[in-house]
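# Quick check, what structure comes out for this input:
(one chain, ligands or ions: 2)
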Amino acid sequence: MVITSKKICFIGAGSIAEAIFKRLIEKEIIPVQHLSVTNQQDNKRLHELKKLYNIQTSNDSIIKNNLIKQSDILVLAMKPKNVEKAFDELSPLINEKQIIISVVAGLTIETIHDLLKSNNPIVRTMPNTSSSIGLSATGISFSCNVNEQQKKLSLEMLNAIGITCVVPEETLEIVTGLSGSGPAYFYYMMEAMVQAGVAGGLTEEQAMELTKQTILGAAHMVQKTGDHPAELRKKVTSPGGTTEKAIEALDSHHIHDAIQKAVKSAATKCKEMGETIKISSR
Ligand SMILES: NC(=O)C1=CN([C@@H]2O[C@H](COP(=O)(O)OP(=O)(O)OC[C@H]3O[C@@H](n4cnc5c(N)ncnc54)[C@H](O)[C@@H]3O)[C@@H](O)[C@H]2O)C=CC1
Ligand SMILES: O=C(O)[C@@H]1CCC=N1
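Ligands and ions are numbered 1, 2, ... in the order given. From the prediction side, this is the model:
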């Protein structure tokens with residue numbers, strides 16, 4: 001059994017759903033005729049996606065229900081606040097053979113089973129938007145009833161969007177803070193670096209090119225040398241030189257702590273979002 005023979009339906013048609021299926025289509029992991037996407041009611045968005053990717057989409061309830069029923073894998077990709085309504089609609093349509101892959105931040109395997117009133121195999125994941133170019137860092141936990149074949153299938157799909165890391169479910173919140181939200185921290189830093197470059201007299205384009213290559217080079221250095229970032233940082237930091245001054249400025253603003261706080265705050269928020277779904281479903 002291979003992933004190419006399976007039908008996949010994305011429930012939710014936002015940024016992360018598109019990032020994932022874009023890659024699956026481009027890499028021909030899933031034939032487009034096996035891919036469908038639904039959302040709550042935004043037909044304009046579905047038309048846009050159909051035009052771009054030629055996938056099956058519909059908000060007509062009969063067609064939508066059939067797409068869901070006929071799929072082997074359902075990818076849950078709605079916001080946490082929309083989970084309960086979505087699951088009310090989904091619950092009567094699913095059968096226990098379908099693999100449910102959730103990307104919803106904070107939504108636990110237990111809550112999925114409770115809300116769907118089913119014992120489907122669940123793959124709880126936390127990808128990031130770099131999925132669209134095959135560079136996601138995806139955390140994964142399996143419910144205990146996911147069998148080896150189902151694990152293989154879901155990993156085949158998720159390995160196509162980047163690297164995967166199977167982790168205990170209770171660590172998926174910190175994964176969310178680290179690598180789920182993580183791309184935004186680097187974009188944030190890039191925005192600040194570009195602004196500093198422009199303030200110093202570079203054109204926006206020059207500042208952007210230099211910033212982009214710097215971050216790309218740094219990531220590749222960590223990957224290719226295998227050296228710890230602290231070691232690589234030391235090599236940039238000539239004693240009494242410019243980098244030392246820069247790091248002093250970062251330290252004086254407690255940026256190291258701030259980054260740790262950012263990751264932890266995201267993880268805490270993730271947990272809270274999950275708890276909210278759990279509480280209101282009682
Ligand atoms: N954006 C990101 O970088 C990442 C997001 N996630 C998770 O993915 C989920 C979606 O996030 P985004 O794509 O950013 O949100 P988004 O707001 O771009 O998309 C959400 C989609 O869900 C649909 N939706 C809402 N109610 C629905 C319902 N009742 N039934 C079916 N579809 C419904 C909306 O129409 C929309 O297409 C969230 O739970 C988030 O935690 C996970 C990893 C990364
Ligand atoms: O901001 C969010 O809630 C989602 C989850 C991880 C990345 N984006």
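
# how about the strands in the stretch 151-282 of the chain?
Taking DSSP state E, counting those that start in this stretch as the test, the strands found in the stretch 151-282 of the chain are 162-166.

# For it, which residues score under the pLDDT cut-off?
For the stretch 151-282 of the chain, the stretches with pLDDT under 70 are 281-282.

# nearest residue to residue 182 other than its sequence neighbours?
Computed as C-beta to C-beta, 6 or more residues apart in numbering, the closest residue to residue 182 that is not its neighbour in sequence is residue 128, at 6.3 Å. C-beta coordinates here come from the backbone N, C-alpha and C atoms, glycine included.

# so what's the one you found up against?
136, 137, 138, 162, 179, 180, 181, 182, 183 (C-beta atoms under 8 Å, 6 or more residues apart in numbering).

# and if we set it to 7 Å?
Counting by C-beta atoms under 7 Å, 6 or more residues apart in numbering, residue 128 makes contact with 136, 137, 179, 180, 182, 183.

# separation between the residue nearest to residue 178 when sequence neighbours are not counted and residue 275?
Sequence neighbours aside, residue 263 is the residue nearest to residue 178 in space, at 5.4 Å (criterion: C-beta to C-beta, 6+ apart). Applying C-beta to C-beta, to the nearest Å, the value for residue 263 to residue 275 is 19 Å.

# Who has more neighbours out of those two?
Between residue 263 and residue 275, counted using other C-beta atoms under 10 Å, residue 263 has the larger neighbour count: 18 against 13.

# Hmm, the more buried one is touching residue 179, no?
No: counting by C-beta atoms under 7 Å, residue 263 sits too far from residue 179 to count as a contact (9.5 Å).

# Nearest residue to whatever residue of the stretch 101-250 of the chain ends up closest to ligand 2 in space, please, no chain neighbours.
Residue nearest to ligand 2 within the stretch 101-250 of the chain (C-beta to the nearest ligand atom): residue 180, separated by 3.5 Å. Leaving aside its chain neighbours, residue 180 sits nearest to residue 126 (4.5 Å; criterion: C-beta to C-beta, 6+ apart).
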